[in-house]
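Chemist: compute the structure for the input listed below.
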Amino acid sequence: MIVRYTGDLKRLQEEIGFQAEELLAGYAIVHISPELAPRLLSAQEILWTEVPARVYEEVTAGKRAACVTALQGQHPELTGQGVLVAVIDSGIDYTHPDFRNEDGTTRIAALWDQTARGEGMPPAGYFSGVLYAKEQIDAALRGEQNADGGNPVPEVDLSGHGTHVAGIAAGNGRASGGRYRGVAYESTLLIVKLGGTQVDPFPQTANLMTAVDFCVRYAAAAGLPLSINLSFGNSEGAHDGQSLLETYLDAVSLYGRNSICIGTGNDGNAGRHVGGVFPKGTGNEAGAEEEVLFTVGNRESRLQMGLWLNAIDTVELSLVSPSGTVRRLPEDLRGSGTAVKGYPAAGGTVLNFGSSVAEVFVGEATPYRGIREISITLRGKNGEIEPGTWRILMNPVRILEGVYDIWLARSGQNTLTRFLQPTPERTLTIPSTAARPVAVAAFDARTSSIAAFSGRGYPRAEQYIKPDIAAPGVEIVSCAPGGGYTAKTGTSMATPFVTGSAALLLQWGIILGNDPYLYGERLKAFLIQGAEKLPGLTEYPNSYVGWGTLCVAESLRLME
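Modeler: Predicted structure coming up:
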């Protein structure tokens, strides 16, 4: 037992008979026979006790917290059968027992590896990678080889991220005797391994859009309901739901019978956002200069940030390096940008800071939004940006609306690279800021508390609520490449709990004929209605967990 105590435990040890590992600050781990425990609990020295819990959150415990266990206890027929669960991620270890049937065949209907180069073709209408059908995967599982002696499906999930996510949403737990079984464990899997380009191998939003498009088309052709899981995101944009990626996801949500779930990212406490409001006015009326401080850690080679403000507002900017070099944004750049950031005619300029340079692009309003971006990209001339504290000086010139946001969009892994006085609100990553998909935050089910890392806050214009709902996302044990299991933390782990739960509701409504219209916004509404409240949070919706935490059993009860 874990014990909080006051006084001296030695007297109790001698009187009752137990062993204690005394810790700092009045805590102890007590080893005691069950029949002696009541005497310990009634002792005056004992302030509080708890039975120890595992220090990680298993899929099993996460399912309990999300009411999946309760739902499947009442409705054992709800296993995801007949529903496609699409995982768009880093790939999958298709040899893992949790993604195979009892006879050893695969549960994967199709696997599109956007990174694959060589034998095979991409899906019809797409240009990258190779599409592997179920028959090819089964052949690979049987040990068959190509004509040249190679593996017919040479897919490898290098990071293990996609394998882990797929296990939470849909793993059947065969490698663990059912212990680490996922949510929709009899669903059919549709897998897309995101790729990049030959110039930039990292996945891009374009790859993500083609992946979603493929999955929606595939499900429509198969005549099956679809639950899509997206655990990818970025901070390169206005976070207002109006980028092409976001509006695309809103539009594609209306095709077929599907549900799209997107993680809100892990930038909640990463120091990657600063926001505020300039006083309205012109000239001196506009208020004093504002200063934003950010640090750059060692060995950062590239750093990109975007300042977003209303296109009707005008500010003058200066950038100050750690060594004190000041560079003012040239006057002739104001309003000289185009809608196509990065195009050579976009009106950008280069500011020299000795060992570092800043590439600055000044944008304007676009046909889709009335706000504009001033983009700053720092680079090191010899591979490293000058480390230390940088300053952005913002002098309001003509302010009619006033709201501004700066997102640190791209950096390395150095945690010292961050804003010194960040604003944790509006740290949702894109595309969880899209309106129609379900935006999923993470909470710690072990302590029934918020997860500080979870992206939060409403989209920039605050025209709708995000996140929509939260799910367990701390120390979740799920599938790992090689046939075993591992624990991971993040909104990437929370999202597949909702994805799998959506698959169960799609099965109940569409496959079993209880509600043929249970998808899209209707399904999201029932997920929200069934949400539970977290202790200590009194206002709902809120920027941490939206309308509450996932309880799919309550959602189904309300539908019934």
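Chemist: you'd agree residue 505 is in a helix?
Modeler: Yes - assessed by DSSP: H, G, I helix; E, B strand; the rest coil, residue 505 belongs to a helix.
Chemist: wait, it touches residue 523, no?
Modeler: Yes - here residue 505 reaches residue 523: they are 5.8 Å apart, a contact under CB atoms under 8 Å. Every C-beta, even on glycine, is put in place using the N, C-alpha and C of the backbone.
Chemist: who has more neighbours, those two?
Modeler: Neighbour count, other CB atoms under 10 Å: between residue 505 and residue 523, residue 505 has more, with 29 against 26.
Chemist: got the contact list for residue 550?
Modeler: The contact partners of residue 550, by CB atoms under 8 Å, 6 or more residues apart in numbering, come to 66, 67, 469, 470, 471, 497, 498, 501, 527, 530, 531, 532.
Chemist: ditto for residue 417
Modeler: 294, 295, 296, 297, 300, 303, 408, 411.
Chemist: identify the residues contacting the second one.
Modeler: Taking CB under 8 Å, 6+ apart as the definition of contact, the neighbours of residue 295 are 387, 388, 389, 390, 416, 417, 418, 420.
Chemist: residue contacts, the residue nearest to the second one when sequence neighbours are not counted?
Modeler: Pointing back at residue 388 there. Spatially, and ignoring its direct neighbours in sequence, residue 388 is nearest to residue 322 (2.9 Å; CB to CB, 6 or more residues apart in numbering). Counting by CB under 8 Å, 6+ apart, residue 322 touches 296, 386, 387, 388, 389, 390.
Chemist: can you tell me how far the fourth one is from residue 407?
Modeler: Going back to what we said before, that points to residue 388. 21 Å (CB to CB, to the nearest Å).
Chemist: just the fifth one next, same as before
Modeler: Look at residue 389 and residue 407: by CB to CB, they are 19 Å apart.
Chemist: okay, those two: which has more neighbours?
Modeler: Legend: neighbour count by other CB under 10 Å for residue 389 and residue 407, higher for residue 407 (28 against 12).
Chemist: which helix or strand contains the residue nearest to residue 388?
Modeler: Here residue 322, judged by DSSP states H and E, is contained in no helix and no strand.
Chemist: the one 5 residues further on too?
Modeler: When secondary structure is defined by DSSP H and E, residue 327 falls within strand 326-328.
Chemist: same for that strand, what does it pack against?
Modeler: strand 314-320 (3 or more CB pairs under 8 Å, 6 or more residues apart in numbering; DSSP states H and E).
Chemist: can you pull out the helices in the stretch 451-560 of the chain?
Modeler: 491-506, 520-529, 552-559 (DSSP state H, counting those that start in this stretch).
Chemist: so for the first one, mean pLDDT?
Modeler: Over the span of helix 491-506, the pLDDT mean works out to 97.
Chemist: mind saving the C-alpha coords of that helix as CSV?
Modeler: Provided in CSV are the C-alpha atoms of helix 491-506 (Å, rounded to 0.1, in the frame of the first residue of the first chain):
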residue,chain,number,x,y,z
THR,A,491,-2.8,13.1,-28.3
SER,A,492,-1.8,10.6,-31.0
MET,A,493,-2.6,7.9,-28.5
ALA,A,494,-5.9,9.6,-27.4
THR,A,495,-7.3,9.9,-30.9
PRO,A,496,-7.5,6.2,-31.8
PHE,A,497,-9.7,5.6,-28.8
VAL,A,498,-12.3,8.0,-30.4
THR,A,499,-11.6,6.5,-33.8
GLY,A,500,-12.3,3.0,-32.6
SER,A,501,-15.4,4.1,-30.6
ALA,A,502,-16.7,5.8,-33.8
ALA,A,503,-16.3,2.5,-35.6
LEU,A,504,-18.4,0.8,-32.9
LEU,A,505,-21.1,3.4,-33.3
LEU,A,506,-20.9,3.1,-37.1
